[in-house]
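1. Can you look at this prediction? I've put the sequence above it.
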Amino acid sequence: MKKILLAFVLFPSILFLGASCYKSSNSGSSTPVATNQVSIINTSFNPSTITVSPGTTVTWTNNDSTTHTVTSNDNSFGSNQLSPGNTFQSTFNNTGTFSYHCSIHSSMTGQVIVK
């Protein structure tokens with residue numbers, strides 16, 4: 001009986017400690033990341049800021065459970081509504097910083113830095 005009770009006390013504690021030590025990379029980070037892939041997940045763009053070279057095609061993949069858009073703030077690029085599992089691509093030929101958002105969820109924002 002003591003072994004069973006001990007297991008019920010220790011096991012959740014071990015899980016909690018393990019989970020608290022986990023750190024997700026790029027989640028919510030505003031530090032530019034050199035990649036051409038953006039995941040839409042947990043109602044956010046991940047990574048939220050990427051850096052690419054001119055001529056790079058960026059792919060956004062909706063890995064969330066709801067519909068989103070990728071809409072540039074200056075209307076230079078934009079997707080239709082992306083259902084879960086769908087992707088959108090845009091090629092960036094000019095240097096600059098291109099800010100975007102989800103037109104459905106205004107708190108979702110991101111940037112593509114081309115240099």
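-> That came through, no problem.
2. If you drop the residues flanking it in sequence, what lies closest to the most centrally placed residue in the chain?
-> Nearest residue to the geometric centre of the chain (C-alpha atoms, centre = their mean): residue 46, 1.7 Å. Using C-beta to C-beta, 6 or more residues apart in numbering and skipping the chain neighbours, the partner closest in space to residue 46 is residue 39 (4.8 Å). Just so you know, the C-beta spots here come from the backbone N, C-alpha and C atoms, and that holds for glycine as well.
3. Tell me the pLDDT of that neighbour.
-> As predicted, residue 39 sits at a pLDDT of 98.
4. quick revisit: correct me, but the residue nearest to the centre of the chain touches residue 37?
-> No - counting by C-beta atoms under 8 Å, residue 46 does not reach residue 37; the two are 9.7 Å apart.
5. The residue nearest to residue 46 is in what secondary structure piece?
-> Taking DSSP states H and E as the criterion, residue 39 maps to strand 37-41.
6. who does the helix or strand just after that strand pair up with?
-> As assigned by DSSP H and E, the chain's next helix or strand after strand 37-41 is strand 44-46. Partners of strand 44-46 in the sheet, by DSSP bridges, are strand 37-41 (antiparallel).
7. Next, the buried residues of the partner strand.
-> Neighbour-count burial for strand 37-41, counted by 16 or more other C-beta atoms under 10 Å, picks out 38-40.
8. Could you export those as JSON lines, including distance to residue 104?
-> Shown next, in JSON lines, are the buried residues of strand 37-41 (distance: C-beta to C-beta, whole Å):
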{"residue": "38", "distance to residue 104": "16"}
{"residue": "39", "distance to residue 104": "17"}
{"residue": "40", "distance to residue 104": "11"}
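9. of those residues, closest to residue 61?
-> Nearest to residue 61 among the buried residues of strand 37-41, counting by C-beta to C-beta, is residue 39 at 5.7 Å.
10. Helices of the chain, residue ranges please.
-> Counting by DSSP state H, the chain has these helices, from start to end: 2-21.
11. any low-confidence regions in it?
-> 1-30 (pLDDT under 70).
12. Mind doing that once more with 50?
-> 1-2, 4-28 (pLDDT under 50).
13. Return the residues in contact with residue 42.
-> Neighbour list for residue 42: residue 64 [criterion: C-beta atoms under 8 Å, 6 or more residues apart in numbering].
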